[in-house]
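1. Got a sequence here, can you build the structure:
(2 chains)
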Amino acid sequence: MKKPVFVSLSEAMADIPDGSRVALGGWIFNGQPMALVRALIRKGAKNLDLVPAPGSIAPDMLIGAGCARSTCCVFISFEQFGLAPHFRKQAEAGTLKVYDLDGPAIAGGLRAAICDLPYMPVPDLGTDLPRHAPEHYRELPTAPGERKLLAVTAIHPDVCLLHAQQADDLGNVQYLGTPFFDAMLAQASRKVIVSVDRIVSRETVRASNHLTKLPRSMVDMIVEAPFGAHPTSSPSLYRNDEAHLRAYVEASRTDEAFQAYLRHYVHPERHDAYLDAVGGSMLAGISH
Amino acid sequence: MPPEPTMAETMAILLARDMANGEKAIIGTNSDIQVAACNLARLMHAPDLWWISGPGGMVNPERDHLVSTADHGNIASAEAWMDLPNMIDFIDWKIHFFDFAILSALQVDQYGNINTVVVGDQTKPKLRGPGTVGISALCGLSRYFNVVMAHHSKAAFVPRVDFLCGPGHMEGGTSREDRGLPPGGPRLVISPLGVFDFEPGSRRMRIRSLHAGVEVQKVIDATGFELVVQGEPAVTPAVTPQEIELLRSRVDRAQALRKG
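-> Coordinates of the predicted model:
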């Protein structure tokens, strides 16, 4: 069987060509693969087609940095801080192609991919979604009296970027909180890249093996990146950094401020430089 | 008498009153008001209300303060938690597993269809919203749903939503059932001005009650379609000191709803 390799952030990004279909894990302000996203921006990725799980800053920053030509949108939001600034800006300008999908379309599409099927049937709920994303929805024939159904087409990401709390040196990946859509994204994707906050012993993994949501055969690359989900939370290890998220929204108001944000937080090559830029007292303050 | 309730507190209390004991509910993301309503109902008259966090899968997390539905902090106080791929089978495919969902929207129309996607054209919208997530399935498949609107204006209460992502009574009358959807749909719409329901038969939105001090004409002027008005509308029953005390001491000790 294949074994995950342990690599640096830049090595993890090396084989993601421009134009790739990139899935992003986590959920809004929780468990977004931010260290990987920052590395992808540094690499200068272009024309990505994003498939984010319900997300916030991970898809938004890739869009804002000019890396994406399209995104699926199940839900992209900054919740109490408002709408996702760059997603909103580019969607409203018409410069970002948005495929609006509902839960059944993304879940059914990923499941179809997992099962090597071309599509999955889902109930036709009478929405305007199929009209706007005919690539993802088509009508299925049904017999009279049967429930109306749609086919949602398989979604095969080229690569998925995930963040989890820990892995052992064999590459078994553990989630110490809710794994959201991550395991499904991993199963549907051709390549799986995971950042973890820490590497732990094999004994630690075996002692709580019910937490291993991604057994090593499902994983291609692992990057050790402490606080790698920052400024989103890493369930059970640290909370989301509300001050940083607010500062990001603020910095997104003008191109100049956003470029300064990217220079300060994203462009330093090393992950420990990012942590220094955020600051030790800030990281201590959000730690559980 | 405690200080006056904020609009967010009032909405949580109005929603809690509507919940029945034994119902199963699902609460989405960014849902402080909805979470507060469920936990308040469980303390008041519905101890067997069963609610689950949509993103995190935690069942009946009970805390004395509000935390986001996706937050790890809910796990320790929940009686169970489920992985999302299992959760969504309840949301996406099972008819009437959930008794109700409570949803917010950019727009709601006269038949209770909702829109969280875009205002204007999808390819170049005037306002790009967050998207659909579980809303289509919850509106389509739960026994009923309630809508919480942060604003009451002609921009939010429209004749027809610009993008229908949550099916209400569709084009009114029996059109929802004719379209092949299970019966149900929207029950209440709660706004800063009042509480609204749907006239049986036409399924058009009607005034159920107006909040104290709100004139009928004010609501008519702030609504982009013709509301059904039957007689002199009732006044929304006032929040009681007991309700507000319970909310502040047992559900929302960190006062999240007093800031909003």
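
2. From here on, just use CA atoms for contacts and neighbour counts.
-> Noted.

3. And stretch B:32-41, what's buried?
-> By neighbour count with 16 or more other CA atoms under 10 Å in any protein chain shown, stretch B:32-41 contains the buried residues B:32-41.

4. Next, see if stretch B:133-153 gets close to chain A.
-> Yes. Applying CA under 8 Å from any CA of the partner chain, one finds that stretch B:133-153 is in contact with chain A at B:133-137, B:140.

5. May I ask which of these has the most neighbours?
-> The most crowded member of the residues of stretch B:133-153 next to chain A is B:Gly140, carrying 34 neighbours; neighbours defined as other CA atoms under 10 Å in any protein chain shown.

6. Identify the residues contacting the helix or strand where it lies?
-> Assigned by DSSP states H and E, B:Gly140 belongs to helix B:135-141. For helix B:135-141, contacts defined as CA atoms under 8 Å, 6 or more residues apart in numbering or on different chains pick out A:102-104, A:125, A:127, B:91-96, B:98, B:100-101, B:103, B:145, B:165-168, B:181-182, B:185-186.

7. got it, and stretch A:133-143?
-> A:99-101, A:105, A:121, A:130, A:148-153.

8. interface residues of the stretch 151-260 of chain B facing chain A?
-> Counting by CA under 8 Å from any CA, the stretch 151-260 of chain B sits next to chain A at B:163-167, B:179-181.

9. pull the longest helix from chain A.
-> Of all the segments assigned as helix in chain A under DSSP state H, the longest by residue count is helix A:103-114.

10. What residues of it count as buried?
-> Residues of helix A:103-114 classed as buried under the neighbour-count rule (16+ other CA under 10 Å) are A:103-114.

11. with those in mind, which one is nearest to B:Pro241?
-> A:Gly103 (40.2 Å; CA to CA).

12. The closest one touches B:Gly166, doesn't it?
-> No. Between A:Gly103 and B:Gly166 no contact is recorded; they are 11.8 Å apart, counting by CA atoms under 8 Å.

13. Find residues that contact each of those two.
-> Residues touching both A:Gly103 and B:Gly166 by CA under 8 Å, 6+ apart: B:132, B:135-137.

14. Rebuild these as a markdown table, extending it with pLDDT.
-> Shown next, in a markdown table, are the shared contacts of A:Gly103 and B:Gly166 (pLDDT from 0 to 100):
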| residue | pLDDT |
| --- | --- |
| B:Thr132 | 96 |
| B:Ile135 | 96 |
| B:Ser136 | 97 |
| B:Ala137 | 96 |
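
15. ok, those residues vs B:Glu9, which is closest?
-> Closest approach to B:Glu9 among the shared contacts of A:Gly103 and B:Gly166 (CA to CA): B:Ile135, at 23.6 Å.

16. how close does that closest one get to B:Pro241?
-> Noted for B:Ile135: a distance of 34 Å to B:Pro241, by CA to CA, to the nearest Å.

17. One more: A:Thr153?
-> According to CA to CA, A:Thr153 and B:Pro241 sit 53 Å apart.

18. So for these two, which sits in the more crowded spot?
-> The neighbour comparison of A:Thr153 against B:Pro241 (other CA under 10 Å) goes to A:Thr153, with 24 against 14.

19. mind listing what that one touches?
-> For A:Thr153, the residues meeting the contact criterion (CA under 8 Å, 6+ apart) are A:105, A:108-109, A:112, A:118-120, A:135-137.

20. 7 Å - rerun?
-> With contacts defined as CA atoms under 7 Å, 6 or more residues apart in numbering or on different chains, the neighbours of A:Thr153 are A:109, A:118-120, A:136-137.

21. Ramachandran angles for it?
-> Summarising the backbone geometry of A:Thr153 under the convention degrees, to the nearest 10, its torsions are phi -80, psi 150.

22. Among the buried residues of stretch B:32-41, pick out the one closest to A:Pro17, please.
-> Each of the buried residues of stretch B:32-41 was checked against A:Pro17 using CA to CA; the closest is B:Asp32, at 40.9 Å.

23. thought that closest one was touching B:His65?
-> No. Proximity of B:Asp32 to B:His65 does not meet the contact threshold set by CA atoms under 7 Å, at 9.8 Å.
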